[in-house]
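**Q** Give me coordinates for this.
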Amino acid sequence: MGSIWFSKKAFLYFGGAAVILLGGLIVVLAPYHYINFSVIESDQRTFEIFDESGYYPQLEVSVSLRPLNQTTVYIDLSIFNNVTMSTTPVNLTLTEVNQLQSTENVIYEYTELIDLAVGNYTIHIDSVEGSTIIDLGLNQVSDSRLYIVSGGLMNIGGILMGIGGYFVPGTFLPSDSDTIIDWGYEEEKEEQGN
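**A** Residues are numbered from 1 along each chain as shown. Below you'll find the predicted structure:
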């Protein structure tokens, strides 16, 4: 009788659990820098572009809003670098093309990618025409998708290992008779008989 730690069933069960935990750890360690604000005209918020491994000097500016009685919404933003004092204007125009099709309410969503150097920034909502409250998302471009896909695939692999362990013939724990023989009780009985 071999040890349960060296059986195929135990390898698939415990190996699958280890792969799932490792995949989850990879997802948790993904470089992810996302900030979401609910803003109105003349609001301003601060954010930072990181200079770390896995991050890139680009910013995804995402807006989600409910238009008022008109079909076109104009949003003017200014991104101000707090160190170099430079300003990057961002002009967004949302129309019916940007409308989400799967909702009851009319909601527009739009994303624009902007190149920004590393540093501290302030974003100012200069003007909004056609809406009042805007959900503004700022997401620094990073390798997060690579981490999430890798960790997710590892989780799927770990689940498949666990399922495979279920279908491998044999038992996970040894039976009572195998345990008694393995612990040496059989030998003691033979010695008493002599």
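**Q** could you pull out the strands for the chain?
**A** 33-39, 44-49, 55-65, 73-81, 87-94, 108-115, 119-129, 134-142 (DSSP state E).
**Q** residues touching the most centrally placed residue in the chain, list them.
**A** Among the residues of the chain, the one closest to the centroid is residue 148, at 5.4 Å (C-alpha atoms, centre = their mean). Taking C-beta atoms under 8 Å, 6 or more residues apart in numbering as the criterion, residue 148 is in contact with 27, 30. C-beta: built from backbone N, CA, C; applies to glycine.
**Q** same deal with residue 40?
**A** So residue 40 contacts 125, 128, 132, 133, 134 (C-beta under 8 Å, 6+ apart).
**Q** Now do the buried residues in the helix ranked longest in the chain.
**A** Criterion DSSP state H: the longest helix present in the chain is helix 144-167. Residues of helix 144-167 classed as buried: 144, 147, 151, 154, 155, 157, 158, 161, 162, 164, 165 (neighbour count, 16 or more other C-beta atoms under 10 Å).
**Q** any idea of the angle it forms with strand 55-65?
**A** Relative orientation of helix 144-167 versus strand 55-65 (axes from the mean of the first three to the mean of the last three C-alpha atoms, to 10 degrees): 90 degrees.
**Q** Many thanks, I have nothing further to ask.
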